[in-house]
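In: Quick one, what's the 3D model for this:
(2 chains)
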Amino acid sequence: SQTIHQWPATLVQPVGSPLSLECTVEGTSNPNLYWYRQAAGRGLQLLFYSVGIGQISSEVPQNLSASRPQDRQFILSSKKLLLSDSGFYLCAWSSETGRSNQPQHFGDGTRLSIL
Amino acid sequence: TQLLEQSPQFLSIQEGENLTVYCNSSSVFSSLQWYRQEPGEGPVLLVTVVTGGEVKKLKRLTFQFGDARKDSSLHITAAQPGDTGLYLCAGANAGKSTFGDGTTLTVKP
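Out: Residues are numbered from 1 along each chain as shown, chains lettered A, B, ... in the order given. Below you'll find the model as predicted:
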């Protein structure tokens, strides 16, 4: 069966520090991968998605970047964090079958607090 | 830009009551998903609907996709405290999903 791992679960960082959040998927090949940010009790904002190694699409201009160094690894990064980067970050994957009706499966998220 | 509006935003009911949550858009989606999320966790997929007019049942939950594939509803019968959570709908097109802002459901014992 497929599983998705996200870490760390919580992170407290000072303003101006770098960031690296990692997400890995097991049990599937060539998945679509996604990074979302969620405000408390609200919907998900798509930040980045990837359809393959080294292929990253950015949905909104921001202080963050994403990379996909391996097929089942997706990394969210920042060189200098801002207070506004605080939030709940979710990684997700979906099957790549050429159809658009594949649901996404989410990790347990990372709660990022910037001080 | 495709937008999904969910209503109501908040819903607080007593155990045993019925409820319906709505998800509406002016855009057509190739499929629509419903998720349930608990605090501090990722959303968990409940159902995917694909065909216009489709109805799916999951125990006490009934999901319907609108005929034009622009809207959907989630009906819960005899709600229980364990149903408490954030319910999110997501419309999918071209491998990407647009999420609604969710309905926060609280079921009081």
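
In: Distance of B:H75 relative to B:E38?
Out: For B:H75, the distance to B:E38 equals 21 Å [CB to CB, to the nearest Å]. Every C-beta, even on glycine, is put in place using the N, C-alpha and C of the backbone.

In: buried set for stretch A:50-62?
Out: Using 16 or more other CB atoms under 10 Å in any protein chain shown as the burial criterion, the residues of stretch A:50-62 that qualify are A:S50, A:I56.

In: which outside residues touch it?
Out: If you take CB atoms under 8 Å, 6 or more residues apart in numbering or on different chains as the criterion, stretch A:50-62 is touched by A:30, A:32-34, A:45-49, A:65-71, A:74, A:96, B:95.

In: Only whichever of those residues are buried, select them in PyMOL.
Out: Once 16+ other CB under 10 Å is used to decide burial, the buried members of the contacts of stretch A:50-62 can be selected in PyMOL as follows:
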select buried, (chain A and resi 32+33+34+45+46+47+48+49+66+67+68+74+96) or (chain B and resi 95)
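
In: Mind checking which of the contacts of stretch A:50-62 are in strands?
Out: Using DSSP state E, the members of those that fall in strands are A:32-34, A:45-49, A:65-70, A:74.

In: can you pull the contacts of the residue nearest to B:K70 when sequence neighbours are not counted?
Out: Counting by CB to CB, 6 or more residues apart in numbering or on different chains, B:S25 is the residue found nearest to B:K70 once chain neighbours are left out, at 5.2 Å. Contacts of B:S25 were listed using CB under 8 Å, 6+ apart, and they are B:Q2, B:L3, B:L4, B:E5, B:K70, B:D71, B:G91, B:T98.
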